[in-house]
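Engineer: I would like to see how this sequence folds:
(chains A and B)
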Amino acid sequence: MDDGMVWLTIFVLSVFVGVEVISKVSSTLHTPLMSGANAIHGIILLGAVLVTGQTESTVALVVGLVAIVLAAVNLVGGFVVTDRMLQMFVRRKAPAAADEGAGR
Amino acid sequence: MSAVPTWAQLVYLLCAVGFILALKGLSGPRTARTGNLVGAAAAVVAVVLPFTYLDLDHVPLIVGAIVVGSLVGALGARRVQMTQMPQMVALFNGVGGGAAALVALLELDELLHLSDAADVESFVLAATAFTVLVGSVSFAGSVITFAKLQELMTSRPVVFAGLPLVFGAAILASLALGVLTVTNATLGIGVGLAVLGLIVGVLLVLPVGGADVPIVISLLNAFTGLTVAAGGYVLSNVVLLVAGTLVGASGTFLTLLMARAMGRSVPNILFGALRGGSTLGAGEASDRPVRSAGPEDVAILLGYADRVIIVPGYGLAVAQAQHTLRELVEVLQARGTRVDYAIHPVAGRMPGHMNVLLAEAQVPYEQLVEMDDINGEFKHTDVVLVVGANDVVNPAARTTPSAPIYGMPILDVDQAQQVVFLKRSMRPGFAGIENELLFDPRTTLLFGDAKESLTKLLAAAKGL
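Structural biologist: Below is the predicted model of the structure:
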């Protein structure tokens, strides 16, 4: 396989994995799940670091640093706010919620 | 991009697996919190990794920027009120999309400066154009959803005469610039794409009505996921590709699930207002007669009922009255009344939002009953107390095909013996539609701020 095909294969498989892993989510968890997924795409921070760390022009450096700040807000804020949401109803509710999920 | 050593590639792969496990964990109540932590750990490892195997320039500046962004994000996430959490998620999503667009612009600049620029694969250029465009759409769209939810602007659909035309033209122009990026790219074209993306994002979200905004957040979330995936392809980075694709795919699926829970279709949400017809309800207070009562009367009604169901809505959360409500319920239960909370899937501003808000007030989970399980019970219920909810109990969803909420599953509150609404005013709900139930002879209204009303109710109920 040439490179392009490898990337395409990873992409297609990831689509199926993405749908499959969340297919049984209960509506109670829609909001935290959305928020968690939202945090995960903050990983663009890695891309921002890679690009910014290899640039020579000053303008690009500034733009890159802006991208890093934005991406870090997304990544860190996303995980923290998701944890805050989950903290509230995982603690004593997990058994009840799990039973209910199994019941449908 | 310089070659990545094998060990680092393996670690990247592990991070990608970490994100898959994180999503998997997040979709089950027992594993959700662990899942989130796994995702965070994978993210930390992935971000630290390039510092170890690459000889990066500007490291102090980069680390500084990461620290600043992390502090802003963490503080924002810690400080935000749970009621405002949906707009916070929208904002986080928007900045992520914006970052992706900027990264793609920088990479485009990089590609153009390569000595063998002519050899750059057109696929790579197309992916770059996609990231710039859709990242900008996501950024601008999220800012508008934020403004709508924060009520910085009207939450009603905003439509102006030429909107479909302008929107269509912006889409066509973006496609044209996208093609130009592939054939003869310049940085100017890239910047043009970003600007068009911002315009498209604004125009996409403006016509969306308030009640549908959560679904749009989810959709834009999926968009950002896909831009990150495309960015991963451009940068040849497997973590970005896998993580972005996961979010894009699961986000799209989640959007469809949410839309189904609300009885709406995604095209209808995005373009319904453009076709007209969904602007029913003037959004003004009606002057038809209603029956209102004082807190003492309502307390008696509740205190002597055998079966009471509470329908909490966003108004409850805005007034920060969850704790008072829980106390009231405890007083009623002490009198032998059976009380449950009926939770509509989209109560609050997002699916599952109300569960979070009531959990914060330490309402026991067993008392929260989901719509499908409680709808059969309203027939046998003496009093339904609706606190700050409106659209989710509006029978127009069943009876009025022209209503924007038509088809949305609702709580069958109208089947109860008595209904009490705690309302601030006669203003219609978030969807902007009048609620016939308010004028029903079995309905009693208690006007006032939810917290004040509940405090008075609580005092009166204690005195019974």
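
Engineer: B:Val266: how many residues sit nearby?
Structural biologist: Neighbour count for B:Val266, taken as other Cβ atoms under 10 Å in any protein chain shown: 18. Yep, even glycine has a C-beta here, placed from its N, CA and C like the rest.

Engineer: scratch that, B:Arg291 is what I was asking about
Structural biologist: 12.

Engineer: Can you tell me which residue is spatially central in chain A?
Structural biologist: Centroid-nearest residue in chain A, with Cα atoms, centre = their mean: A:Ile40, separated by 1.4 Å.

Engineer: all strands for chain A, in order.
Structural biologist: With strands called from DSSP state E, chain A shows none.

Engineer: What residue spans form the domains of chain B?
Structural biologist: B:80-275, B:295-462 (automatic domain parsing).

Engineer: So which of these is the most surrounded?
Structural biologist: domain B:80-275 (a mean of 22; mean count of other Cβ atoms under 10 Å in any protein chain shown).

Engineer: give me every residue that touches the closest residue to B:Arg349 other than its chain neighbours.
Structural biologist: Using Cβ to Cβ, 6 or more residues apart in numbering or on different chains and skipping the chain neighbours, the partner closest in space to B:Arg349 is B:Pro86 (4.3 Å). By Cβ atoms under 8 Å, 6 or more residues apart in numbering or on different chains, the residues touching B:Pro86 are A:31, B:149, B:213-214, B:217, B:348-350, B:353.

Engineer: Quick check: of these, which lies closest to B:Leu163?
Structural biologist: Nearest to B:Leu163, judged by Cβ to Cβ, of these is B:Val213 at 17.7 Å.

Engineer: CA atoms only for the longest helix along chain A - export them in PDB, please.
Structural biologist: For chain A, the longest helix by residue count, based on DSSP state H, is helix A:3-22. Presented in PDB, the C-alpha positions along helix A:3-22 are these (Å, rounded to 0.1, in the frame of the first residue of the first chain):
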ATOM      1  CA  ASP A   3       1.100   6.200   1.900                       C
ATOM      2  CA  GLY A   4      -2.200   7.700   0.900                       C
ATOM      3  CA  MET A   5      -3.900   4.400   1.100                       C
ATOM      4  CA  VAL A   6      -2.600   3.800   4.600                       C
ATOM      5  CA  TRP A   7      -3.900   7.100   5.800                       C
ATOM      6  CA  LEU A   8      -7.300   6.500   4.100                       C
ATOM      7  CA  THR A   9      -7.500   3.000   5.700                       C
ATOM      8  CA  ILE A  10      -6.800   4.500   9.200                       C
ATOM      9  CA  PHE A  11      -9.400   7.100   8.500                       C
ATOM     10  CA  VAL A  12     -12.100   4.700   7.500                       C
ATOM     11  CA  LEU A  13     -11.500   2.300  10.300                       C
ATOM     12  CA  SER A  14     -11.500   5.200  12.800                       C
ATOM     13  CA  VAL A  15     -14.900   6.300  11.500                       C
ATOM     14  CA  PHE A  16     -16.300   2.900  12.400                       C
ATOM     15  CA  VAL A  17     -14.600   2.700  15.700                       C
ATOM     16  CA  GLY A  18     -15.900   6.200  16.600                       C
ATOM     17  CA  VAL A  19     -19.500   5.300  15.900                       C
ATOM     18  CA  GLU A  20     -19.200   1.800  17.400                       C
ATOM     19  CA  VAL A  21     -17.700   2.900  20.800                       C
ATOM     20  CA  ILE A  22     -20.500   5.300  21.600                       C
END
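
Engineer: Which members of the contacts of B:Pro86 occur in helices, if any?
Structural biologist: A:31, B:149, B:213-214, B:217, B:353.

Engineer: can you put these in a markdown table and add distance to B:Val202 and pLDDT?
Structural biologist: Converted to a markdown table, the ones in helices among the contacts of B:Pro86 look like this (distance: Cβ to Cβ, whole Å; pLDDT from 0 to 100):
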| residue | distance to B:Val202 | pLDDT |
| --- | --- | --- |
| A:Thr31 | 25 | 84 |
| B:Leu149 | 15 | 86 |
| B:Val213 | 14 | 84 |
| B:Pro214 | 19 | 83 |
| B:Ile217 | 15 | 92 |
| B:His353 | 25 | 80 |
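
Engineer: Good, we can wrap up now.
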